[in-house]
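Asker: When you get a sec, could you give me coordinates for this:
(one chain, ligands or ions: 1)
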Amino acid sequence: LSERLEVPATEVIKKLMMLGVMASISQSVDFDTASLIAEDFGAIVEREIILTDEDILFNDFEDAPEQLEDRSPVVVVMGHVDHGKTSLLDAIRSTNVIETEAGGITQHIGAYRVRVNERKITFLDTPGHEAFTAMRARGAQVTDIAILVVAADDGIMPQTVEAINHAKAANVGIVVAINKIDKEGANPDRIKQELTEHGLIPEDWGGDTICVEISAKKRMNIEDLLEMVLLVADMRDLKANPNRKAKGTVIEAKLDKGRGPVASVLVQNGTLKIGDTVVAGTAFGHIRAMLDDKGKKIKKAGPSVPVEILGLDEVPEGGDEFYVVDDERMAKNVVEKRKQKAKEERIGSHNVVTLDDFFDKVKEGQIKDLNIVIKADVNGSVEAVKQSLEKLSNEEVRVNVIHSGVGAIRESDVMLAYASNAIIVGFNVRPDMGAAASAESQGVDIRLYRVIYTAIEEIEAAMKGMLEPTF
Ligand code: GDP
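Answerer: This is a model prediction of the structure:
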């Protein structure tokens, strides 16, 4: 700070002391303190913003108010098991699907759109708050409104309360659907009473929670419910800018036998078009084709529209954000870095041992055993290697051969090594393709040798912390 201000450090320290901060010369101070000091010395202070490659690539700027247009609400259905979530989603879909010229059959793409009074609503097709919460846990905020289904013949149950809490935590609007009113014993008033106990005061009781009495099974009042959803949406003033590069969230994704990686995504801002270059989690690709919720091929999709996209190079995860990008090279770079990071996190969390870090882990008291899987070309070498390696055991470290066999190193060997925190030693054998890939991704150390002597020497060195690092 003193260098940047071009004043002696002692002056800065003096000023800090006057502020009650007893700092030494090498100590760092926070931004607020630093700016107070700096202003005292007549400097102008601005917070430095360090842009990462991702920031530059995704360029997630805020839209100017005049660029914003209304968008349709995205709705999730939540509630206790058996209260009628699936029935309600079915009822809505079958009564209000937006017709296409092809008269297409509804496709499952994780979300669908319905038309109500010339307006549209997007429904997430997975009932329950697990999917919703899983997405939120990954930082994705996709829904605007939750329909809370409560069976009128049952009442507020544990999962209803959970759903209420999840919706509140996510700050989404709540519309209550009191379901099964066709049933004998249905008591909507009791439900309303119970709702108040959880902070949801129905409108007719002087609160602001909209409740609609419905029967999903008999398809009663479904239209009313949807109108109320639109009413709540209006209060939320939902907007987006269709005239920018698209971004959104992956709802679900799978590997399709014929079509390759297929992802259902929800566009949250901008417009997604055929040919766009997309980054989704660690997946990258150009949009080759887009299908809507009727399985119809479309060329572009605007805000709040769910689409199935083809053209990614791998399967992203539900909850991954996707961005349309301009700079392909930078995009590949960012994806590569993400993969690396994900790999490190996987390795870090599991802590698979490698020969290189074995000694450190012994010193730290983390491990005492060196677990080894041996694969060799002939049975004779398997036995010879096994015996010589086990003889290396000493007071601090025990060498355990947890598995040995003849033949190439296979994926099952890697899985075993991964699960048992072992390294793999191969004699005159190589890993097959699957094994090499899975060892690479899981961080399992595979050591290949031609002579037994070198293997023993190397492992002995590792046990003493004297192994030459390999690069
Ligand atoms: P979910 O577990 O919340 O998805 O509940 P489901 O939609 O699977 O419904 C559970 C059961 O309640 C099913 O047997 C439905 O037929 C029944 N059900 C759903 N809605 C109604 C309704 O409005 N009236 C009646 N009588 N039964 C309903």
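Asker: Quick one: mean pLDDT for stretch 264-282?
Answerer: Across stretch 264-282, pLDDT averages out at 96.
Asker: Could you do stretch 377-395 as well?
Answerer: Stretch 377-395 comes out at a mean pLDDT of 88.
Asker: How far away from the center of its chain is it?
Answerer: From the chain centre to the centre of stretch 377-395 is a distance of 44 Å (Cα atoms, centre = their mean, to the nearest Å).
Asker: and if you look at stretch 44-51?
Answerer: Using Cα atoms, centre = their mean, the offset of stretch 44-51 from its chain centre is 30 Å.
Asker: what's the answer for stretch 38-58, then?
Answerer: Distance, centroid of stretch 38-58 to centroid of chain: 29 Å (Cα atoms, centre = their mean).
Asker: Which of the residues in it are classified as buried?
Answerer: 38, 54, 57, 58 (16 or more other Cβ atoms under 10 Å). In short, each C-beta sits where N, CA and C put it, glycine included.
Asker: C-terminal to the host helix or strand of the first one, what's the next element?
Answerer: Going back to what we said before, that points to residue 38. Residue 38 is part of helix 31-40 when elements are defined by DSSP states H and E. Downstream of helix 31-40, the next assigned helix or strand under DSSP H and E is helix 53-58.
Asker: Which other helices and strands does that next one contact?
Answerer: strand 321-325, helix 328-350 (3 or more Cβ pairs under 8 Å, 6 or more residues apart in numbering; DSSP states H and E).
Asker: most packed of those?
Answerer: Comparing these on average neighbours per residue, with mean count of other Cβ atoms under 10 Å, the densest one is strand 321-325 at a mean of 22.
Asker: Pairing partners for it, with directions?
Answerer: With DSSP bridges as the test, strand 321-325 is paired with strand 247-256 (antiparallel), strand 277-280 (antiparallel).
Asker: next helix or strand past the shortest one?
Answerer: Elements were assigned by DSSP H and E; along the chain past strand 277-280, the next helix or strand is strand 283-291.
Asker: what's the offset of that following strand from the middle of its chain?
Answerer: Going by Cα atoms, centre = their mean, where strand 283-291 is centred and where its chain is centred differ by 19 Å.
Asker: quick one, that strand and strand 321-325 angle?
Answerer: 90 degrees (axes from the mean of the first three to the mean of the last three Cα atoms, to 10 degrees).
Asker: Only the C-alpha atoms, please, for strand 283-291, written as PDB.
Answerer: Taking Å, rounded to 0.1, in the frame of the first residue of the first chain, the C-alpha atoms of strand 283-291 are listed here in PDB:
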ATOM      1  CA  ALA A 283     -19.300 -29.900 -22.300                       C
ATOM      2  CA  PHE A 284     -18.600 -28.000 -25.500                       C
ATOM      3  CA  GLY A 285     -20.200 -28.000 -28.900                       C
ATOM      4  CA  HIS A 286     -22.100 -26.300 -31.700                       C
ATOM      5  CA  ILE A 287     -25.800 -26.600 -31.700                       C
ATOM      6  CA  ARG A 288     -26.600 -29.100 -34.500                       C
ATOM      7  CA  ALA A 289     -30.400 -29.300 -33.900                       C
ATOM      8  CA  MET A 290     -33.000 -28.100 -31.500                       C
ATOM      9  CA  LEU A 291     -36.300 -29.800 -30.600                       C
END
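Asker: contacts for that strand?
Answerer: 107, 109, 261, 263, 272-278, 297-301, 307-316, 320, 331-332, 335 (Cβ atoms under 8 Å, 6 or more residues apart in numbering).
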